[in-house]
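**Q** I'd like to go over a predicted model; first the sequence, then the structure.
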2 protein chains.
Amino acid sequence: MEVLSVCLNPALDRKFIIDGFTLDKLNIVSKEKNRMTPGGKGVNVSVVLSHYSIPSIVTGFIGGYVGQILLSELRKYGSLISTSFVRISDETRENIAIADTLSHTLTEINSEGPTVNELDLNNFLKRYEVLVQKVRAVVISGSVPKGVPLSFYGELTKIAKKYRKVVFWEARDEIITESIKVAFPDVLKYDMRRSEKILGRILNTEQEYIQAAKDFVKQGARLVILSYKTVYDFVATEDGVWKFSPKVEIDHSYLLGSGDNFVAGMIFANSKGMCCLDMARYGYAAAVAKTSYIGKEPPSLSLIEEYLGKISTERVE
Amino acid sequence: MEVLSVCLNPALDRKFIIDGFTLDKLNIVSKEKNRMTPGGKGVNVSVVLSHYSIPSIVTGFIGGYVGQILLSELRKYGSLISTSFVRISDETRENIAIADTLSHTLTEINSEGPTVNELDLNNFLKRYEVLVQKVRAVVISGSVPKGVPLSFYGELTKIAKKYRKVVFWEARDEIITESIKVAFPDVLKYDMRRSEKILGRILNTEQEYIQAAKDFVKQGARLVILSYKTVYDFVATEDGVWKFSPKVEIDHSYLLGSGDNFVAGMIFANSKGMCCLDMARYGYAAAVAKTSYIGKEPPSLSLIEEYLGKISTERVE
């Protein structure tokens, strides 16, 4: 097995298209406009990897009816994705999005999500230590459910490092801030959707981003990716800092999910022997390629290769 | 076994309480404000009967993830309810109701519901004929999914009559109009929610209701119940016609589900040897008792007895 995807807080993503969706009324959603897909960032990364023929195991916490549906739907992706979740008693997150293509609204109803208890956590740690030994790389991505400490990414990375695995993170600031007190991943990617903070503060100038990226490398990360103004990234390795930009116009509305494509692109590149800056370039090309069309499916490898020529990677330090 | 409940189009009823529910925004529903209950009129009748210790088998069509959840939830009611559904490939109906207690709105999102094919229908008829022989009474209640002919209540009743079973219907006009061309039930109760039509026309005067009820009796029903202006009922047997009224004030907002209590009340009364007018009085008392409190649970038998004194049954012909 190549990759262990840790998705601590998976979700079942449901989409209803209801034109003329109205409050205080009865709205009908037709069969073909009622979809469900497995979600959660770690799950998404595994799904993208399966498109590139990279086998992975997904682990995390799963529970209830929603968890059961998620597992059944995930199994439909075929044998490249295996699952090894710890069962919990609470319901897995259910995220309902009601799209109205007439009024151009998106109304979301997300369930609160489960709470994980001490016993679940211990069961997970035992299972994780077995799984991590079977893989080459570990990706930990997305939110943590209630009951899981914010330093948990660090704990899991410490265990992975014991077995000399390559570790990728994509997470929000609260998790990264606490987790790097325990251990640093090889690849640190900030998820800055709905939050622009890095280590608790909002950075303003490009120079501040460059400095933050360098600091993370100095402290132990081998590759750091900080997104900047949505479409740019500051990328740091021990050799320097680069600013990545698209050479093409990007439709912001297609950015959804491109972070997962970035991570999966890097893991794919890494599996082909690329490292550091080349790996980040590949991930960035995958993310930009993803914005070039409507649709959930990941960009093909040939499209990513094409997009390697449509991005600029300018050294800034 | 006492009763066979035919629920051709069951539903999973989900309720989210979201105060300040807003379009085009992310809304969070907390764990304790996110409920699901098995629904569909036939299912509801069985649930009420189980409160009165009357065992029943529920049958109909069920499918998909939603169907599986419905079955699991129904099993929680204990051994008085058994299930014997025909599995179909489409998803069972999922009815989501979003209640906002601040703005006093109820936004409903109902899935379209399944389509039943010829093979499913034949499988159902075979199963039904086996089940019907095991019971004393058959109740057929609620809508029919796509693919099921509107005359299906009639077909099922013809089979039940072959084995001399007592048959109860509660259905809407379209179904009754087509089904009585095939066979009449013993007890015919009109479901007039969202439609006031009887045999395709809107009746206006009390005299028209009385005439319609008498006609159904003449054609073959032993007991006919036509609801009138929501809280009244015209009740006909071969002995005459009565107008039922509450002697107490009724809170219209608590009327939800009282039709199922009416039917279950009649079945309970029938199991105790009551017939015709007495049976209808018991059902009406149960329905009125149900409107006297908030909450989904059916009225206790002692509350129903009490309400027998709070209704008036005036002979009108």
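**A** That came through fine. On a predicted model such as this, the values are computed, not experimentally measured, just so you know.
**Q** residues from chain A in reach of chain B?
**A** Proximity of chain A to chain B, by Cβ under 8 Å from any Cβ of the partner chain, involves residues A:16, A:18, A:21-31, A:34, A:65, A:68-69, A:72, A:90-91, A:96, A:98, A:103, A:105-112. Backbone N, C-alpha and C define where each C-beta goes, glycine included.
**Q** Out of those, which end up buried?
**A** Those of the residues of chain A next to chain B that meet the buried threshold are A:16, A:18, A:21, A:27, A:29, A:34, A:65, A:68-69, A:90-91, A:96, A:98, A:107, A:109-112, by 16 or more other Cβ atoms under 10 Å in any protein chain shown.
**Q** Next, the one residue in the stretch 151-300 of chain A that gets nearest to chain B: secondary structure please.
**A** Chain B sits closest to A:Arg194 of the stretch 151-300 of chain A, with a gap of 9.4 Å, by Cβ to the nearest Cβ. Using DSSP: H, G, I helix; E, B strand; the rest coil, the secondary structure recorded for A:Arg194 is coil.
**Q** Quick check: A:Phe16 touching A:Thr101?
**A** No - contact status for A:Phe16 versus A:Thr101: not in contact, 11.4 Å apart, counting by Cβ atoms under 8 Å.
**Q** Give the full set of residues in contact with the residue nearest the centre of chain A.
**A** With the centre of chain A defined as its mean C-alpha position, the nearest residue by Cα atoms, centre = their mean is A:Lys41, 3.6 Å away. By Cβ atoms under 8 Å, 6 or more residues apart in numbering or on different chains, A:Lys41 lies in contact with A:7, A:141-143, A:170, A:191, A:259-260, A:263.
**Q** Distance of it relative to chain B?
**A** According to Cβ to the nearest Cβ, to the nearest Å, A:Lys41 stands 17 Å off from chain B.
**Q** The stretch 1-150 of chain A: helices as residue ranges?
**A** For the stretch 1-150 of chain A, the helices defined by DSSP state H, counting those that start in this stretch occupy A:41-51, A:64-75, A:118-132.
**Q** Pick the most deeply packed of these.
**A** By mean neighbour count, with neighbours taken as mean count of other Cβ atoms under 10 Å in any protein chain shown, helix A:41-51 ranks first of those at a mean of 26.
**Q** gap between that helix and the chain center?
**A** Computed by Cα atoms, centre = their mean, to the nearest Å, the chain-centroid distance of helix A:41-51 equals 9 Å.
**Q** orientation of that helix relative to helix A:64-75 in degrees?
**A** Here helix A:41-51 runs at an angle of 20 degrees relative to helix A:64-75 (axes from the mean of the first three to the mean of the last three Cα atoms, to 10 degrees).
**Q** Using CSV, write out every CA atom in helix A:41-51.
**A** Extracted as CSV, the C-alpha positions of helix A:41-51 are listed here (Å, rounded to 0.1, in the frame of the first residue of the first chain):
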residue,chain,number,x,y,z
LYS,A,41,-10.4,16.3,3.0
GLY,A,42,-8.6,13.0,3.7
VAL,A,43,-11.3,11.1,1.9
ASN,A,44,-11.2,13.5,-1.1
VAL,A,45,-7.4,13.0,-1.4
SER,A,46,-7.8,9.2,-1.5
VAL,A,47,-10.5,9.6,-4.2
VAL,A,48,-8.2,11.8,-6.3
LEU,A,49,-5.3,9.4,-5.8
SER,A,50,-7.5,6.5,-7.0
HIS,A,51,-7.9,8.4,-10.3
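**Q** nearest residue to A:Ser84 other than its sequence neighbours?
**A** A:Thr59 (4.9 Å; Cβ to Cβ, 6 or more residues apart in numbering or on different chains).
**Q** The one you found: neighbour count?
**A** Burial of A:Thr59, expressed as a neighbour count using other Cβ atoms under 10 Å in any protein chain shown, amounts to 27.
**Q** so who does it touch?
**A** Remark: with contacts taken as Cβ under 8 Å, 6+ apart, A:Thr59 is in contact with A:4-7, A:83-86, A:124, A:127-128, A:131.
**Q** Quick one: distance of the strand or helix carrying A:Val235 to the chain centre.
**A** Assigning secondary structure by DSSP states H and E places A:Val235 in strand A:232-237. A distance of 17 Å separates the C-alpha centroid of strand A:232-237 from that of its chain, computed with Cα atoms, centre = their mean.
**Q** which helices and strands does it pack with?
**A** Contact partners of strand A:232-237 among helices and strands, from 3 or more Cβ pairs under 8 Å, 6 or more residues apart in numbering or on different chains; DSSP states H and E: helix A:206-219, strand A:223-228, strand A:240-246, helix A:276-290.
**Q** Work out the sheet partners of that strand and label each with its direction, please.
**A** Taking DSSP bridges as the criterion, strand A:232-237 forms sheet pairs with strand A:223-228 (antiparallel), strand A:240-246 (antiparallel).
**Q** List of residues touching that strand?
**A** A:206, A:209-210, A:213-214, A:216-217, A:222-228, A:241-245, A:276-277, A:280, A:284, A:313, A:316.
**Q** try 6 Å this time
**A** If you take Cβ atoms under 6 Å, 6 or more residues apart in numbering or on different chains as the criterion, strand A:232-237 is touched by A:209-210, A:213-214, A:217, A:223-228, A:242-245, A:276-277, A:280.
**Q** Can you pull the poorly scored residue ranges out of the stretch 151-300 of chain A?
**A** Under the criterion pLDDT under 70, the flagged ranges of the stretch 151-300 of chain A are A:253-254, A:256.
**Q** The same query, at a cut-off of 80, please.
**A** Low-confidence segments of the stretch 151-300 of chain A, defined by pLDDT under 80, are located at A:193-195, A:251-257.
**Q** you'd agree A:Pro185 is in a helix?
**A** No - with the criterion set as three-state DSSP, the secondary structure at A:Pro185 is coil rather than a helix.
**Q** What sits closest to the residue in the stretch 101-250 of chain A that chain B sits nearest to if chain neighbours are left out?
**A** For the stretch 101-250 of chain A, the residue positioned closest to chain B under Cβ to the nearest Cβ is A:Thr105, at a distance of 3.9 Å. Residue nearest to A:Thr105 in three dimensions, not counting chain neighbours: B:Asp24, with 3.9 Å by Cβ to Cβ, 6+ apart.
**Q** Return the alpha-carbon coordinates of the strand holding A:Val235 using PDB.
**A** What follows is strand A:232-237 as a C-alpha-only set of coordinates in PDB (Å, rounded to 0.1, in the frame of the first residue of the first chain):
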ATOM      1  CA  TYR A 232      -1.100  32.400  -5.300                       C
ATOM      2  CA  ASP A 233       1.100  30.400  -3.000                       C
ATOM      3  CA  PHE A 234       4.300  31.000  -1.200                       C
ATOM      4  CA  VAL A 235       6.400  27.900  -1.200                       C
ATOM      5  CA  ALA A 236       9.400  27.400   1.000                       C
ATOM      6  CA  THR A 237      12.100  24.700   1.100                       C
END
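**Q** what stretches of the stretch 1-150 of chain A score poorly on pLDDT?
**A** Low-confidence segments of the stretch 1-150 of chain A, defined by pLDDT under 80, are located at A:1.
**Q** Distance check, A:Asn27 against B:Asp191.
**A** Note on A:Asn27: its distance to B:Asp191, by Cβ to Cβ, to the nearest Å, is 22 Å.
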